[in-house]
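Trainee: Return a 3D structure for these sequence lines:
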Amino acid sequence: MIVAVNPYVVTDGNGKEAVQFYVDAFNAELISLQTFGEMPEDPNHPLPEEAKDRVMNAQFKVGDTIMMLSDNFPGMPYTIGNQVTIAIQISTVDASKQVFEKLSKEGKVTMPLQETFWSPSYGQLTDKYGVEWQVSAVQQD
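Mentor: Below you'll find the predicted structure:
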């Protein structure tokens, strides 16, 4: 059911710099880096110019662990102390729904599970202990 659990760091506009810093500090292998400007365009929600060069998702391998990083979207709240979340990748949509439902009990859903261009089922929540989670299915059922 669970495919992977990854530390996920969120930066406030300096994501490319942070990725390079961590890759250098950990002698890590950069796996991928994609900016918001490289996302598929949505005519209903044009991308602000200041977002285009920000990191949407970067992945780098530190030992046996894949770390992830993204920039905060311009204009979204950013609080120091809340910049590390846990990304959990789950094998199927049904399993992601089960995990999401259990984690969200007495917590707060910040983004309901929904289909995205990178996952058939992706959502974000803060559990009742204050831990922020990104739940993502890796394949359709």
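Trainee: Please tell me the pLDDT value assigned to residue 45.
Mentor: For residue 45, the pLDDT comes out at 87.
Trainee: so it, which of the three states?
Mentor: Per DSSP: H, G, I helix; E, B strand; the rest coil, the local secondary structure of residue 45 is coil.
Trainee: Equivalent analysis for residue 53, please.
Mentor: When classified by three-state DSSP, residue 53 comes out as coil.
Trainee: Not counting its neighbours along the chain, what's nearest it?
Mentor: residue 35 (5.7 Å; CB to CB, 6 or more residues apart in numbering). For the C-beta atoms, the positions are set from N, CA and C on the backbone; glycine is no exception.
Trainee: Kindly state the pLDDT recorded for the one you found?
Mentor: On the pLDDT scale, residue 35 is placed at 97.
Trainee: List the contacts of it.
Mentor: Taking CB atoms under 8 Å, 6 or more residues apart in numbering, we find residue 35 in contact with 52-56.
Trainee: Filter those residues down to the buried ones, PyMOL style.
Mentor: In PyMOL, this line selects whichever of the contacts of residue 35 come out buried by 16 or more other CB atoms under 10 Å:
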select buried, resi 54+55+56
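Trainee: a markdown table please, covering the contacts of residue 35 and showing pLDDT and distance to residue 84.
Mentor: Listed next are the contacts of residue 35 as a markdown table, based on pLDDT from 0 to 100; distance: CB to CB, whole Å:
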| residue | pLDDT | distance to residue 84 |
| --- | --- | --- |
| 52 | 96 | 25 |
| 53 | 97 | 23 |
| 54 | 97 | 18 |
| 55 | 98 | 15 |
| 56 | 96 | 17 |
